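Peer 1: Quick check, what structure comes out for this input:
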Amino acid sequence: MNYPVWYLPETGGGILIAVIAVVHVFISHFAVGGGLYLVLTERKGLKENDAGILAFTKGHAKFFMLVTMVFGGITGVGIWFIISLVQPAATSMLIHTFVYGWASEWVWFLVEIVALIIYFYTFGKMDNRTHQMIGWIYFAAAWLSLFLINGIIDFMLTPGAWVDSQGFWIGFFNPSFWPSLFFRSFFSFMLAGLYAFLTSAFLKDPRLKANMTRYSGKWALISLLLMLPCGYWYLSVLPEPARMLVEGQSPTIQIAGQYGLYALIITFVLVLLLTVVRPALNNKLIAVLTMIPAFILLGSFEWTREAARRPYVLNQIMYSNGVTIAQADALQGQSFLAPAKWASIHEATNQNLTLAGAEIFKFQCYACHTIGGINNDILPKTASMDFPAMTGYLLNVIHKRPYMPPFLGNKLEAMALAAYLVGDLHDKEVDPALITASTDMGQKLYNDNCVGCHGIDIIQDWAAELTLVEIIAGLESLSELNEMMTDFSGTLQEKQLLAGYLKSVVTPPSSPVIDGKSVYDQNCVGCHGKDIIVAWAAGQTESAVSASLAKLGLLNPMMAGLSLNDQERLAMAAWLSAEQTGGK
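Peer 2: Numbers count the residues shown, from 1 in each chain. Just a heads-up that it's a prediction; the model follows:
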């Protein structure tokens, strides 16, 4: 909220970061593993007194220098450029927190450049011992660059005790530092072998080609096998919320994991084929095809690492929209637009609702959502909601979608964002009077504070045998009932009004007619399109669907908090049944 937003609603900045970052990481890991490959391959050629291997090593060094120094350097600058535009607050915090770490990494990168240039241009012109020493200097500098960057990027996922102490070394040697370092090191050695498949494919001598293909394949195969336990180690040190997302609670991570698994299997099979079965099969097409699943494997790993931080860009420190937890706490119930330095509107009114909502979307939602784009498109996620349902959803989104940042702002700003999403994007009716009119202050307090987590039936059961005084005492000690709840912090008058409303609904005079579609809009549309739920309910009786809705936590732990009473479940089951027959 303290930085301007580079607004690309159809594309989104996140997808640009992902594309540039994965390409750069695929090259930069080769820059580490390839350095070791060059030194040991040159040593192999000298030990065997094989001029062919030495000629291959020199040719591979030229390819290596062009890919890592030129293309790798360009994409490295591209990463700094894109993250500074898309996530300026997080980039600034990482620079200020690890400024000496970054400075050291740039020093080692300079050593890499100088050492690699000397290594290539003195190949065959310098005594062998000194030349190999230059190669070892390059590899040491490249691996130390990985060592430094690894500590900083893993801090983003597992800051650990830094959240309390904010010490440099505590943040750098964070809980996932060592497993990530070993995982990335072995991945870089695997890539060294895969890239060498490509240069081996250009060799004319069949004997040398088969020899270098088999040699390179051993690099890839052994490194891949050593990488697997490191990946499991990495998963085991993740904090529980992130590990739960990785293990199945996030649909997008599930998809990325499936792609990664298939890519891993394909990579293993191709490497095994070229290493053990038929090295002679290696050609330019096969070599490129071998690198594609490896690229997908690395991409799925990086995607998972990024997505596991949700709803944060810096885990437990800063939300994905660039607002820190401390700022979010200070903004609860307060105006978001008023202190937003780069917003064009600083106050939402009934006259500028959609314009103010567009500004709020830009600062709070755009970091994760596009409008009609390929990444997390907001349009299908909000298509089924009307204006009151959207407003209520936003005010309680932290309870319904724990992997999303909380809505920040006052109720009028929630109405403004709802007006933009429903009115501007979906051309539906927006009538502030539907929300601003309130006939019962106690019911309003219930809607603002309780409805996001609890159905009224649960409240009725709790309050049934309590007096007003006991209900007020219970509101003041909710954390004792459930550690996930916070004590109600309203004024004494607000506690009395809320307690009075809760007491009044213990024995409601009549049961209102419940609309199944409204139940869906309030509880499901944020994650699921209607087609998915209708398909899930297909072939089941209404009673079976209602029973399944009572046990959603068994289908997915992320839905365990969804609380529907019997009437709501039956109404939704009836609506789903009608939808299967075209609404008839």
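
Peer 1: going forward, measure contacts and count neighbours with C-alpha atoms only.
Peer 2: Fine.

Peer 1: what separates Y7 from S92, distance-wise?
Peer 2: Separation of Y7 from S92 (Cα to Cα, to the nearest Å) stands at 19 Å.

Peer 1: higher neighbour count, those two?
Peer 2: Per other Cα atoms under 10 Å, whichever of Y7 and S92 has more neighbours is Y7, with 16 against 13.

Peer 1: Quick check: the gap between that one and T491.
Peer 2: For Y7 relative to T491 (Cα to Cα), the value is 41 Å.

Peer 1: wait, what's in contact with D377?
Peer 2: Neighbouring residues of D377 by Cα atoms under 8 Å, 6 or more residues apart in numbering: H369, T370, I371.

Peer 1: between the residues you listed, which is closest to L466?
Peer 2: Comparing the contacts of D377 against L466 with Cα to Cα places H369 closest, at 44.8 Å.

Peer 1: For the residue lying closest to A280 once chain neighbours are set aside, pull up the helix or strand it's in.
Peer 2: Distances taken as Cα to Cα, 6 or more residues apart in numbering place A210 nearest to A280, at 5.5 Å, with adjacent residues excluded. Using DSSP states H and E, A210 sits within helix 206-236.

Peer 1: Would you mark the buried spots in that helix?
Peer 2: The neighbour-count check on helix 206-236 (16 or more other Cα atoms under 10 Å) flags 208-221, 223-224, 226-227, 230-231, 233-235 as buried.

Peer 1: Could I get the average pLDDT for that helix?
Peer 2: Helix 206-236 carries an average pLDDT of 94.

Peer 1: How about stretch 281-294?
Peer 2: Mean predicted lDDT for stretch 281-294 stands at 92.

Peer 1: Could you check how far the closest residue in space to M318 that isn't next to it in sequence is from T97?
Peer 2: Nearest non-adjacent residue to M318, counting by Cα to Cα, 6+ apart: T324, 4.0 Å away. Distance of T324 to T97, computed by Cα to Cα: 15 Å.

Peer 1: Kindly report the same for A18.
Peer 2: 23 Å.

Peer 1: returning to what we had before: the residue nearest to A280 is in contact with N283, isn't it?
Peer 2: No. The pair A210 / N283 is not scored as a contact, 10.5 Å apart, by Cα atoms under 8 Å.

Peer 1: immediately after the helix or strand of the chain with the lowest mean pLDDT, which helix or strand?
Peer 2: The helix or strand of the chain with the poorest confidence is helix 433-436; it has a mean of 61 (mean pLDDT, DSSP states H and E). For helix 433-436, the following helix or strand on the C-terminal side (DSSP H and E) is helix 441-449.

Peer 1: got the phi/psi numbers for the closest residue in space to H426 that isn't next to it in sequence?
Peer 2: Using Cα to Cα, 6+ apart and skipping residues adjacent in sequence, the residue nearest H426 is A383, 6.8 Å away. With angles defined as degrees, to the nearest 10, A383 sits at phi -60, psi -30.

Peer 1: Can you give me the end-to-end span of stretch 111-131?
Peer 2: Taking Cα to Cα, the first and last residues of stretch 111-131 lie 15 Å apart.

Peer 1: ok, M227 to L181 distance?
Peer 2: For M227 relative to L181 (Cα to Cα), the value is 11 Å.

Peer 1: Give me the average confidence score over the longest helix seen in the chain.
Peer 2: Using DSSP state H, we find that the single longest helix of the chain is helix 13-48. Across helix 13-48, the average pLDDT comes to 94.

Peer 1: How about stretch 156-170?
Peer 2: In the prediction, stretch 156-170 has an average pLDDT of 93.

Peer 1: Between the two ends of that stretch, what distance do you get?
Peer 2: Span of stretch 156-170 from end to end, Cα to Cα: 13 Å.

Peer 1: from the chain's centre, how far out does it sit?
Peer 2: 20 Å (Cα atoms, centre = their mean, to the nearest Å).

Peer 1: buried set for that stretch?
Peer 2: In terms of neighbour count (16+ other Cα under 10 Å), stretch 156-170 has its buried residues at M156, L157, T158, P159, G160, W162, I170.

Peer 1: And stretch 113-126, by the same measure?
Peer 2: For stretch 113-126, a neighbour-count test (16+ other Cα under 10 Å) marks I113, A115, L116, I117, Y119, F120, F123 as buried.

Peer 1: low-confidence ranges in the stretch 301-450 of the chain?
Peer 2: Counting by pLDDT under 70, the stretch 301-450 of the chain has low-confidence residues at 398-400, 434-441.

Peer 1: With adjacent residues omitted, what lies nearest to A18?
Peer 2: W303 (7.6 Å).

Peer 1: the inter-axis angle of the host helix or strand of the one you found versus helix 13-48?
Peer 2: Here W303 sits within helix 284-307, counting by DSSP H and E. Per axes from the mean of the first three to the mean of the last three Cα atoms, to 10 degrees, the angle that helix 284-307 makes with helix 13-48 is 130 degrees.

Peer 1: that older thread, could you dump the buried residues of stretch 113-126 into CSV with secondary structure, pLDDT and distance to S548 added?
Peer 2: Formatted as CSV, the buried residues of stretch 113-126 follow (DSSP: H, G, I helix; E, B strand; the rest coil; pLDDT from 0 to 100; distance: Cα to Cα, whole Å):
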residue, secondary structure, pLDDT, distance to S548
I113, helix, 95, 61
A115, helix, 97, 64
L116, helix, 96, 62
I117, helix, 96, 65
Y119, helix, 96, 66
F120, helix, 96, 66
F123, coil, 94, 70
